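> Build the 3D model from these lines:
(2 chains)
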Amino acid sequence: MHFQHKSSALLSTSQSHTENELILRVASGEEAAFRILFHRYFRRLCFFAHSLIENMEDAKDIAQESLFQVWVRREYFDDAEKVKSFLYITTRNSSFNYIKASKRRSDRHQEIARLMEDDTDIIQTYIAREELLHKLLLELESVPPKYAGVLKMIFIQGLSHEKVAESLSIPIATVRKQKERGLKFLQAAVLRKKLAFFLLLYEGIIKK
Amino acid sequence: MQENVIQSEIIGILYKLANAESLNSGEQRQLNDWIQDSERKKAFVQSIMDEDMLLQELILRYNFELGDEWQKMSKRMENNQPASADQEKAVRARHLPFYARPFFRYAAVLLITAGLGGYFWYSRVSKQPLTTNAALVAQQQDIAPGSDKATLILSDGRRIELKDGKEILDDAGVRITKGSGELIYGKTDIVALNTMTTPRGGQYKLVLPDGTRVWLNAASSITYPTAFTGADRQVKITGEVYFEVFKDKSKRFRVETPNGPAIEVLGTHFNVNAYQDEPAVVATLLEGSVKIDNSILHPGEAYCNGSVAKADVMQAIAWKEGKFSFQDADIRTVMRQLSRWYDVEVEFHGRPKDRFFAIIKRSLSLSELLQALQASGSVKFKISDKKIIVE
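Below you'll find the predicted structure:
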């Protein structure tokens, strides 16, 4: 299950087939398919917009708008890569317009506005970051619910094995086994190495 | 629209970098082409390899809740209003102009990302094991970082050194439990004044009799009663202290600093930096609300010298999380923090104009930390006796 470096690097061939299938269903007007698309992209687009405009509520509006645009133009899409490009480009443009229109421009906004003029390439890095994080998140979310529960309790809530065993009414040995099995789904070294450290670090700030 | 903003190959390469995997020559070439001598892109790639930052961002997204966003979209689809320039304007107008919005459950998320806005520029701390640079550390030994150390001064003047290990102390009938690096007060009606102080190179945690949690940075102190029996809960501090105030609407929590403003608190998480050798007292709020003099602070804001401004919250509390966070800090600011934590003096032989952007663990030895700072700029350091020499 190691990451394969191919030309369509993010998607294995079978996956891109499914992705394109989804787009075709959206194109035919199927709302259920669009709902799936929405859930796949909303978070990414939000954070991408937010990295530019610094306001989460407005970033959500921008993400909504970009996705709605896809729905409006659904007939013209036949390819998952094209949809992704469209979503990011639309979100980028809306964010730029937002910054231009905003009356009180923070230092950050001015910086972004300047980047717009001189170095549009740099926006690629924002997109790359979102895509990379999305890939890592997919891994986190691929952990089966049975193991995810235990991992969450141990790594996010910071509970000891004993407490987990207690609250789930299972023996401690089972807790350990499920933790190990769950961790096997996290291929990315960064997730496995630093998950505990990082989650413990922020448990005080991020509420469950 | 043929514009290619998503370069899947690059993302694959970045994924490898994020996992500390090595690239083959083809991948290395592709990456170099993509970076193309852009300093910003270079910095970005470095930031990808900073696991702590990566995970910070990951957690934010992991905790992101969609809420009723799909319902909003669904409704829009029902009406199927054609997208138009007017509609886009309407959407924007609804949320302009900027003003302090009432805070909601995402407040915690917003605080963190406000600080992350600058992360793009963080200098990377080398992940390779740092070999001690002989020139850096003169003849002397390397200097160890600070640790959990404090002195408890009881109401009768007795001084107790707090170090590791569990213990139960007694102050005129008040039970005080000591865990590793933390002192917890039991409930009592007996009122006596206690003081906890940390030396340079020390830090400690405390739980006050009302459940309020307190973190003391190096060279700081807090004076408090063993029971809050008055109309208010009042404490006095010096240095840098972080609070998670236990919510009690019937008793305001007040913090006094030497020569600083009066701080009044309502069930919150906030940091107060009142070091005498820093330019001003700064109070930064993470959650809840705080009244300072006559200003009200909202989460994500800091108070300094009578004015309230948006703050880099993560930077303000980095110390509590075991890190130094320098955001466009000048050399003197950096040295002040280092001297307190490593308990060293600083001597300037030059006047470096470097600005520092870094998040560095406080657990590094002094030479490791200085090497990291050296790697990111043009300043040179030497350690001699218990002194940092800045060239």
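
> Now for A:Tyr147, how many residues are close by?
18 (other Cβ atoms under 10 Å in any protein chain shown). All C-beta spots, glycine's among them, are computed from the backbone N, C-alpha and C.

> so which strand or helix has it?
helix A:145-151 (DSSP states H and E).

> What residues of that helix count as buried?
A:147-148, A:150-151 (16 or more other Cβ atoms under 10 Å in any protein chain shown).

> Stretch B:214-234 too?
Those would be B:214-228, B:233-234, for stretch B:214-234 by 16+ other Cβ under 10 Å.

> do stretch A:124-132 as well
Per 16+ other Cβ under 10 Å, stretch A:124-132 contains these buried residues: A:124-132.

> tell me what the next helix or strand after the helix holding A:Tyr147 is packed against?
Proceeding C-terminally, helix A:145-151 gives way to helix A:161-168 as the next helix or strand, assigned by DSSP H and E. Applying 3 or more Cβ pairs under 8 Å, 6 or more residues apart in numbering or on different chains; DSSP states H and E, one finds that helix A:161-168 contacts helix A:145-151, helix A:172-184.

> and of the ones you listed, who's closest to chain B?
helix A:145-151 (11.4 Å; Cβ to the nearest Cβ).

> how far is that closest one from where the chain is centred?
Distance of helix A:145-151 from its chain centroid, counting by Cα atoms, centre = their mean, to the nearest Å, is 20 Å.

> Any stretches of the chain with poor pLDDT?
If you meant another chain, say so; for now it's chain A. A:1-17, A:103-106, A:108, A:114-121, A:156-157, A:187-208 (pLDDT under 70).

> To clarify, I was referring to chain B.
B:1-6, B:52, B:80-141, B:164-175, B:266-267, B:357, B:359, B:375-377.

> Looking at it, which residue is nearest chain A?
B:Gly12 (3.4 Å).

> Could you measure from the spatially most central residue of chain B over to B:Thr284?
Centroid-nearest residue in chain B, with Cα atoms, centre = their mean: B:Ala318, separated by 2.1 Å. For B:Ala318, the distance to B:Thr284 equals 11 Å [Cβ to Cβ, to the nearest Å].

> ok, now B:Lys178?
29 Å.

> do the same with B:Lys72
On the measure of Cβ to Cβ, B:Lys72 and B:Thr284 end up 34 Å apart.

> B:Gln56 now?
18 Å.

> Looking at chain A, which residue reaches furthest from the middle?
A:Pro171 (34.5 Å).

> wait, it sits on A:Val164?
No: counting by Cβ atoms under 8 Å, A:Pro171 does not reach A:Val164; the two are 10.8 Å apart.

> how about the helices in chain A?
A:13-27, A:31-53, A:56-72, A:80-101, A:107-118, A:123-141, A:145-151, A:161-168, A:172-184, A:189-202 (DSSP state H).

> picking up where we left off before, what's the farthest-apart pair in the buried residues of helix A:145-151?
A:Ala148 and A:Val150 (7.4 Å; Cβ to Cβ).

> Quick check: neighbours shared by these two?
With contacts taken as Cβ atoms under 8 Å, 6 or more residues apart in numbering or on different chains, A:Ala148 and A:Val150 have A:Gly182 as neighbours in common.

> hang on, the earlier thing: ok so the residue nearest to the centre of chain B is a helix residue?
Yes: under DSSP: H, G, I helix; E, B strand; the rest coil, B:Ala318 sits within a helix.

> From B:Leu370, how far out is it?
In terms of Cβ to Cβ, B:Ala318 sits 18 Å off from B:Leu370.

> Could you do B:Ile296 as well?
41 Å.

> Neighbour count: those two, which is higher?
It is B:Leu370, of B:Ile296 and B:Leu370, that has more neighbours when counted by other Cβ under 10 Å, with 26 against 14.

> for the residue of chain B closest to chain A, helix, strand, or coil?
Quick answer, by three-state DSSP: B:Gly12 is helix.
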